[in-house]
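Undergrad: Give me coordinates for this.
(2 chains)
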Amino acid sequence: QKEVEQNSGPLSVPEGAIASLNCTYSDRGSQSFFWYRQYSGKSPELIMFIYSNGDKEDGRFTAQLNKASQYVSLLIRDSQPSDSATYLCAVRFGNQFYFGTGTSLTVIP
Amino acid sequence: GAVVSQHPSWVICKSGTSVKIECRSLDFQATTMFWYRQFPKQSLMLMATSNEGSKATYEQGVEKDKFLINHASLTLSTLTVTSAHPEDSSFYICSARDPGADTEQFFGPGTRLTVL
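TA: Take a look at the predicted model:
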């Protein structure tokens, strides 16, 4: 059983702050790690992916991967109200993707 | 980026009827497509992996006789919910992998199914 766990939240941060989202996974054979953003009633949209240990930055977003700890995180700098959504962590194993339950983020103006 | 479409975007049907949902990759050929189901305030649950020209692989607990998947071409996969019941009401989302973008899967916009 491949498990991906996230704190469901809700997580609230003030506008301009850093939001930190965390994810752990159970299978050490997992190959790639993804963060998706999902607005209510919509399908997920990819924010970024990472497959090497360390940090990967893309604009206001930074993904961090620690394979030894089986942990992946997403930092959102200068959070905006439009960032309010559910953030899904996904782990690829072989040909399939497994999703966490998502963390609900609210950015307060 | 790669585009995946779904049709219909929403459907309402009576209990006992069957509903077909189409998933198309518009600008790439997808040898593998995935079908997910998402209940309110829950995450995506993988239902099955659809491979072009072969039988779908279903996740544990998903009834293959109820959720019929056909991947007849490299750009089209269909999910048919047979004899739908109110508990099948959910948000169904397909995704496709673009072999040219190996690490990603691209999601369709989803289909909201309501069974009365």
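Undergrad: Could you list every helix and strand that the helix or strand bottoming out on mean pLDDT in chain A packs against?
TA: Every helix and strand of chain A was ranked by mean pLDDT, DSSP states H and E. The lowest is strand A:96-99, at a mean of 86. Under the contact definition 3 or more Cβ pairs under 8 Å, 6 or more residues apart in numbering or on different chains; DSSP states H and E, strand A:96-99 sits against strand A:85-93, strand B:32-38, strand B:45-51. (Glycine included, C-beta is placed from N, CA and C.)
Undergrad: Measure how the longest one sits relative to strand B:32-38, angle-wise.
TA: It refers to strand A:85-93. Put simply, strand A:85-93 runs at 140 degrees to strand B:32-38, going by axes from the mean of the first three to the mean of the last three Cα atoms, to 10 degrees.
Undergrad: Contacts for strand A:85-93, please.
TA: With contact meaning Cβ atoms under 8 Å, 6 or more residues apart in numbering or on different chains, strand A:85-93 is reached by A:2, A:4, A:6, A:21, A:23, A:25, A:27, A:29-40, A:44, A:47, A:72, A:74, A:97-100, A:102-105, B:43-44, B:103.
Undergrad: Next: the last one.
TA: Contacts to strand B:45-51, defined as Cβ under 8 Å, 6+ apart, come from residues A:95-99, B:31-39, B:56-59, B:62, B:64, B:67, B:69-71, B:77, B:79.
Undergrad: and the helix or strand hosting B:His71, anywhere near chain A?
TA: In the assignment (DSSP states H and E), B:His71 maps to strand B:67-73. No: figure legend: strand B:67-73 not in contact with chain A (Cβ under 8 Å from any Cβ of the partner chain); closest approach 13.6 Å.
Undergrad: returning to what we had before: and the buried ones among the contacts of strand A:85-93, selectable in PyMOL?
TA: Buried residues within the contacts of strand A:85-93, by 16 or more other Cβ atoms under 10 Å in any protein chain shown, are selected in PyMOL with:
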select buried, (chain A and resi 4+6+21+23+25+30+32+33+34+35+36+37+38+44+47+72+74+97+98+99+100+102+103+104+105) or (chain B and resi 43+44)
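Undergrad: picking up where we left off before, pairing partners for the least confident helix or strand of chain A, with directions?
TA: Strand A:96-99 pairs in its sheet with strand A:85-93 (antiparallel), by DSSP bridges.
Undergrad: does chain B sit close to stretch A:21-29?
TA: No: contact of stretch A:21-29 with chain B (Cβ under 8 Å from any Cβ) is absent, the minimum separation being 11.5 Å.
Undergrad: okay, how far is it across that stretch, tip to tip?
TA: Using Cα to Cα, to the nearest Å, the end-to-end distance of stretch A:21-29 comes to 22 Å.
Undergrad: Residues contacting it from elsewhere in the structure, which ones?
TA: A:1-7, A:11, A:33, A:35, A:67, A:69-76, A:87, A:89, A:91, A:93, A:98, A:100, A:103, A:105.
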